[in-house]
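# Sequence plus predicted model, see below.
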Amino acid sequence: MTTIIDGERVASEIRDALGGSIETLADAGVRPGLATVLMGDDPASETYVNMKQRDCEEVGIEGVHVDVDGDAPAEELYETIDELNADPAIHGYLVQAPVPDHIDYREVLRRIDPTKDLDGFHPENVGRLVAGDARFKPCTPHGIQKLFEAYDVETEGADVTIVGRSEIVGKPMANLLMQKADGGNATVTVCHSRTRNLEEKTRDADVVIAASGVTELIDGSMLSEGAVVIDVGISRVEADNERGYELVGDVEFESAREKASAITPVPGGVGPMTRAMLLYNAVMAASEREGVAVELP
Ligand code: NAD
């Protein structure tokens, strides 16, 4: 029997537990503040920031959203960043990617106060993660670690193949999994668009984490019997429904589930975990800045 990993359920448990931490903060007169910044009007990004704001409301985090005109000069975005860095009510924030082409995303990340960098993408936070001293773990890989914990997926000694080497998923995932720490100690192979014989690397793995953004790149024939399959991919594919599209992952679900011992669906797998871990980072940021100890899930 293949286990369908229920990210909605685990995310909801994490949100519930964070509720307790948020109450502790409230007792000390602290309400965590989380801001989202969106430059431009990319529809997928709009959906993501709306969901993040809704999540904040649901758990009792003060959500603030700032829109920046997509044609504005970089300085306007930098001003917003400087204001958020200086605002004591904002414990953490993120600038939703992708930013418009005329904006240097790396420069944006460098401007964010690293103690408010809820995505964990500031170079200081990336360095700390690599050094095994993470401040904010990036939300998607952290969420995947939490799924492993919830479903007793042992990473220690496991052969894990990650498909994708992005700064937001592949690389931090590899770093977390190879650390000498709980949820780590794996032997990690990182594949990318120049990898030869991808199917050999995925077939060799106990755990496959697909984060390429290529629709249904991985199918059952590329997996070993009993593999754990984590599908990070979210692609919008045109569909004959009310929205006009459906969400499809990097994994061809039906053939993969026949081989897998456990697999995440899309949607309802990794996505909700990413959102929950953003709330986690916001609560942690508030706790640290205000000097109020809380228990984190
Ligand atoms: P990205 O485009 O930055 O990186 C994609 C990576 O996949 C690259 O490293 C590239 O080398 C690799 N790749 C591309 N084609 C490949 C191929 N044929 N074989 C092997 N590797 C290949 O993307 P990203 O930001 O890391 O996101 C990846 C996917 O995950 C996207 O679909 C994105 O929407 C989704 N995503 C989902 C969540 C979530 O919470 N579920 C979070 C972040 C990203």
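Nice, I can see it. Residues are numbered from 1 along each chain as shown.
# Read off the pLDDT value for Met1.
With respect to pLDDT, Met1 has a value of 89.
# how close does it sit to the ligand?
Taking CB to the nearest ligand atom, to the nearest Å as the measure, Met1 falls 25 Å from the ligand. The way it works is simple: take the backbone N, C-alpha and C, and place the C-beta from them, glycine included.
# next one: Thr215
To the ligand, Thr215 is 8 Å away according to CB to the nearest ligand atom.
# Which residues are in contact with that residue?
Contact analysis of Thr215 by CB atoms under 8 Å, 6 or more residues apart in numbering lists 233, 235, 237, 248-250.
# which of the residues you listed tops the neighbour count?
Neighbour counts for the contacts of Thr215, by other CB atoms under 10 Å, peak at Gly249, which reaches 29 neighbours.
# Was I right to think that one contacts Ile234?
Yes. The criterion here is CB atoms under 8 Å, and Gly249 meets it with Ile234 at 6.8 Å.
# what ranges do the strands span in this structure?
Secondary structure of the chain (DSSP state E): strands located at 3-4, 33-39, 62-68, 92-95, 159-163, 187-191, 207-210, 228-231, 235-238, 245-248, 262-263.
# Pipe those strands into CSV and attach distance to the ligand per row.
Below are the strands of the chain laid out as CSV (distance: least, CB to the nearest ligand atom, whole Å):
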stretch, distance to the ligand
strand 3-4, 16
strand 33-39, 15
strand 62-68, 18
strand 92-95, 12
strand 159-163, 5
strand 187-191, 5
strand 207-210, 8
strand 228-231, 8
strand 235-238, 5
strand 245-248, 9
strand 262-263, 14
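# Throw the ones you listed into a markdown table and include distance to Glu76, thanks.
Output for those, formatted as a markdown table (distance: least, CB to CB, whole Å):
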| stretch | distance to Glu76 |
| --- | --- |
| strand 3-4 | 45 |
| strand 33-39 | 9 |
| strand 62-68 | 6 |
| strand 92-95 | 12 |
| strand 159-163 | 36 |
| strand 187-191 | 36 |
| strand 207-210 | 37 |
| strand 228-231 | 37 |
| strand 235-238 | 29 |
| strand 245-248 | 31 |
| strand 262-263 | 43 |
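# about what we covered before: adding distance to His102 and pLDDT, write the contacts of Thr215 out as JSON lines.
Shown next, in JSON lines, are the contacts of Thr215 (distance: CB to CB, whole Å; pLDDT from 0 to 100):
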{"residue": "Gly233", "distance to His102": "28", "pLDDT": "98"}
{"residue": "Ser235", "distance to His102": "26", "pLDDT": "95"}
{"residue": "Val237", "distance to His102": "29", "pLDDT": "94"}
{"residue": "Val248", "distance to His102": "30", "pLDDT": "96"}
{"residue": "Gly249", "distance to His102": "31", "pLDDT": "98"}
{"residue": "Asp250", "distance to His102": "30", "pLDDT": "98"}
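# Report the two of these separated the most.
Val237 and Asp250 (12.2 Å; CB to CB).
# Tell me, how many residues neighbour the closest residue to Ile90 other than its chain neighbours?
Nearest residue to Ile90, sequence neighbours excluded (CB to CB, 6 or more residues apart in numbering): Gly33, at 4.5 Å. For Gly33, the neighbour count with other CB under 10 Å is 23.
# Mind listing the residues bridging to Gly33?
Assessed by DSSP bridges, Gly33 has beta-bridge partners Glu62.
# Local confidence estimate at it?
For Gly33, pLDDT reads 98.
# That one contacts Leu84, correct?
No. The pair Gly33 / Leu84 is not scored as a contact, 9.5 Å apart, by CB under 8 Å.
# Now do the shared contacts for the two.
Ile90.
# For the residue nearest to Ile90, which residues are in contact?
Counting by CB under 8 Å, 6+ apart, Gly33 touches 61-62, 64, 87, 89-92, 282, 286.
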